[in-house]
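> here's my sequence, what's the structure:
(one chain, ligands or ions: 1)
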Amino acid sequence: MYKDENSGDELEAIRAGRLDADLEMAQMNAEADAWHAVRDLGYCNHGSAVGYRNPPLYEAQKLLKPGQYACTAGCGTVFADDDDWYAQLDDPMANPVPLPARTPAPATPH
Ligand SMILES: [Zn+2]
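Have a look, this model is predicted:
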């Protein structure tokens, strides 16, 4: 099956491709871990948010102006627009927002 050079090269290329994919996956996992670790450090990673809505559906939306978003992952930060939210979602430690002190909330299981 591996008689000529071409198939060997092909295999090598396939192996290299898999290695790239593995590295990419490892990097993505590392980034996801770092993103989740932000919360362990006591900062919000803004993992969820709600946009302006009239009439408001959620408590957080009552404070919003059209176009704004409010973090619902714990800190309640108001973002100027979706770009602002995505930027802080991408890199929460660029402008770290401490999470409010954690209090047990048995009524809302996670
Ligand atoms: Zn937040």
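> need the contact list for residue 21.
Contacts for residue 21 (CB atoms under 8 Å, 6 or more residues apart in numbering) come out as none. Just so you know, the C-beta spots here come from the backbone N, C-alpha and C atoms, and that holds for glycine as well.
> which stretches of the chain have low pLDDT?
Along the chain, segments meeting pLDDT under 70 span 1-5, 102-110.
> chain center to the longest helix along it, what's the gap?
Identified as the longest helix of the chain according to DSSP state H is helix 5-40. Mean-position distance between helix 5-40 and its chain equals 19 Å (CA atoms, centre = their mean, to the nearest Å).
> which positions in that helix come out as buried?
By neighbour count on 16 or more other CB atoms under 10 Å, the buried set for helix 5-40 is 35, 38, 39.
> the second one contacts residue 47, doesn't it?
Spelled out, that is residue 38. No. Assessed by CB atoms under 8 Å, residue 38 is found out of contact with residue 47, at 9.4 Å.
> hmm, back to that, what's the first helix or strand after the longest helix of the chain?
Next along the chain after helix 5-40, taking DSSP states H and E as the criterion, comes strand 49-51.
> got the contact list for that next one?
Taking CB under 8 Å, 6+ apart as the rule, strand 49-51 contacts 57-58, 60-61, 64, 67-73, 79, 82, 85, 89.
> may I see the buried residues of that strand?
Applying 16+ other CB under 10 Å to strand 49-51 flags 49, 50 as buried.
> near the ion, anything from it?
No. If you take CB under 5 Å from the ion as the test, strand 49-51 misses the ion, and the best it gets is 7.5 Å.
> what pairs with that strand, parallel or antiparallel?
strand 69-71 (antiparallel) (DSSP bridges).
> circling back to that earlier point, tabulate the buried residues of helix 5-40 (JSON lines), appending distance to residue 24.
Formatted as JSON lines, the buried residues of helix 5-40 follow (distance: CB to CB, whole Å):
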{"residue": "35", "distance to residue 24": "16"}
{"residue": "38", "distance to residue 24": "22"}
{"residue": "39", "distance to residue 24": "24"}
